[in-house]
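Visitor: A predicted structure for the sequence below; I have some questions about it.
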Amino acid sequence: FDKKMWSQDIEGSKAYAKALKKTGILSLDDMESILDGLEKVRMEWASGTFAIQSSDEDIHTANERRLTELIGEAGKKLHTGRSRNDQVATDLRLWLREQTLSAKSKLSVLINVCCDVAEQHIDVIMAGYTHLQPAQPVRFSHWLMSHAAAMYRDMSRL
């Protein structure tokens, strides 16, 4: 299932290659080769042509294997000082960040729709409920905006 994070794994690997260069572990040529190779791997994933092998344990080994196939020995240097746990934590965090931004965007659209519908139906009266029982009459717009307010609060927590 971790193949859903192929893009995040490549993004994290690119950043890690730059960090390895900055610390002097990678040469400029090796870093550029790794970055170019990772971009080719990204294009294979994006086009649906990336081939997962039975020997690939996870998304990380799959991407590293393919990188090494494309650029040779320099591809093996990307794993220097890097644990699988680091990669998993980074990939998951990057994936969650993207999913959170997507959820916030969709929630924002829903809140705006609620506001528009509430404005259009400002005079509609409906039965309010308490403990699953009909209660006093309320404006539909107020009821709808109470949900929009809760969604706005939840969105601010993302």
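Guide: Noted; the coordinates are in hand.

Visitor: Identify the residues contacting Gly128.
Guide: By C-beta atoms under 8 Å, 6 or more residues apart in numbering, the contact list for Gly128 reads 134-138, 143. All C-beta spots, glycine's among them, are computed from the backbone N, C-alpha and C.

Visitor: again, only this time at 7 Å
Guide: By C-beta atoms under 7 Å, 6 or more residues apart in numbering, the contact list for Gly128 reads 135-138.

Visitor: same deal with Leu132?
Guide: Leu132 is in contact with no residue at all, counting by C-beta under 7 Å, 6+ apart.

Visitor: Trp143 is in what secondary structure piece?
Guide: helix 140-156 (DSSP states H and E).

Visitor: Between the contacts of Gly128, which sits nearest Asp9?
Guide: Val138 (50.2 Å; C-beta to C-beta).

Visitor: now that closest one, what's its secondary structure?
Guide: strand (DSSP: H, G, I helix; E, B strand; the rest coil).

Visitor: And the next helix or strand past the lengthiest helix in the chain?
Guide: In the chain, with assignment by DSSP state H, the single longest helix is helix 84-120. On the C-terminal side of helix 84-120, the closest following helix or strand by DSSP H and E is strand 125-130.

Visitor: Number of residues surrounding Gly72?
Guide: Under the neighbour criterion other C-beta atoms under 10 Å, Gly72 is assigned a count of 11.

Visitor: Could you report the distance from it to Asp29?
Guide: 12 Å (C-beta to C-beta, to the nearest Å).

Visitor: Would you mind checking the average pLDDT for the helix holding Trp143?
Guide: Here helix 140-156 scores 97 as its mean pLDDT.

Visitor: Flag every buried residue along stretch 131-148.
Guide: Buried residues in stretch 131-148, defined by neighbour count with 16 or more other C-beta atoms under 10 Å: 139, 141, 144-145, 148.

Visitor: Nearest to Leu94 among those?
Guide: Nearest member of the buried residues of stretch 131-148 to Leu94, counting by C-beta to C-beta, is Ala148, at 30.2 Å.

Visitor: Grab the nearest non-local neighbour of the residue with the largest distance to the centre of the chain.
Guide: The C-alpha centroid of the chain is most remote from Gln136, which lies 44.0 Å away (C-alpha atoms, centre = their mean). What sits nearest to Gln136 in space, not counting adjacent residues and going by C-beta to C-beta, 6 or more residues apart in numbering, is Gly128, at 5.3 Å.
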